[in-house]
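Trainee: build the 3D model from these lines:
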Amino acid sequence: MTSAEPILKASSFDNPVVPSGSIPATPPSFPSERTLRTSRVDEGRIYGTNFSPKREMIPPSKSFTAAPPAREPHVEIGIRFGNRIRELRQERSLTQVRVAKEFGVDRSYISDLERGRKSICIHTMEIFALGFSLSLSELLDGI
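Mentor: Predicted coordinates:
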């Protein structure tokens, strides 16, 4: 084979010769737009396709059920974490201003965090844990 020869040789436009392992020149046939528009939907089945949204649900195994949270499962985790920060701050008789100054964070961030309006990254969580002389697991205890 010389470099001037084409890789694909076709005997006709409708029947191209394709080397094995490559993508065929003609695309696979898909349902036409008209076919899709005229398909009926009846009782959860779409006629004209193999799609059926109603499948029998398999109940989950009891071994895969998660343990319930330690407390207040109906309250969002951000609010529970904020309550934990407030508890720790008040146990130590600290104001938000003093915590902000000692931990190097803004006072409004502490306020928003305690009310569950702000999220916390792991780096800032570590700052709070070290500031309260706790490990991360102790900081998150009961959340």
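
Trainee: kindly format the C-alpha coordinates of the longest helix along the chain as CSV.
Mentor: Ranked by number of residues, the top helix in the chain under DSSP state H is helix 77-91. Below are the C-alpha coordinates for helix 77-91, written out as CSV (Å, rounded to 0.1, in the frame of the first residue of the first chain):
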residue,chain,number,x,y,z
ILE,A,77,-27.4,19.6,59.2
GLY,A,78,-26.3,23.2,58.8
ILE,A,79,-28.7,24.3,61.5
ARG,A,80,-27.6,21.4,63.8
PHE,A,81,-23.9,22.3,63.3
GLY,A,82,-24.7,26.0,64.0
ASN,A,83,-26.5,25.0,67.2
ARG,A,84,-23.4,22.9,68.2
ILE,A,85,-21.1,25.9,67.6
ARG,A,86,-23.4,28.1,69.7
GLU,A,87,-23.5,25.6,72.5
LEU,A,88,-19.7,25.3,72.6
ARG,A,89,-19.4,29.1,72.5
GLN,A,90,-21.9,29.7,75.3
GLU,A,91,-20.5,26.9,77.5
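
Trainee: can you give me the buried ones in that helix?
Mentor: 78, 80-86, 88-89 (16 or more other C-beta atoms under 10 Å). Using the backbone N, CA and C atoms, a C-beta is placed for each residue, glycine as well.

Trainee: for that helix, packing partners?
Mentor: In terms of contacts (3 or more C-beta pairs under 8 Å, 6 or more residues apart in numbering; DSSP states H and E), helix 77-91 is packed against helix 107-114.

Trainee: picking up where we left off before, tell me the one of the buried residues of helix 77-91 nearest residue 137?
Mentor: Closest approach between these and residue 137, by C-beta to C-beta: residue 84, at 12.4 Å.
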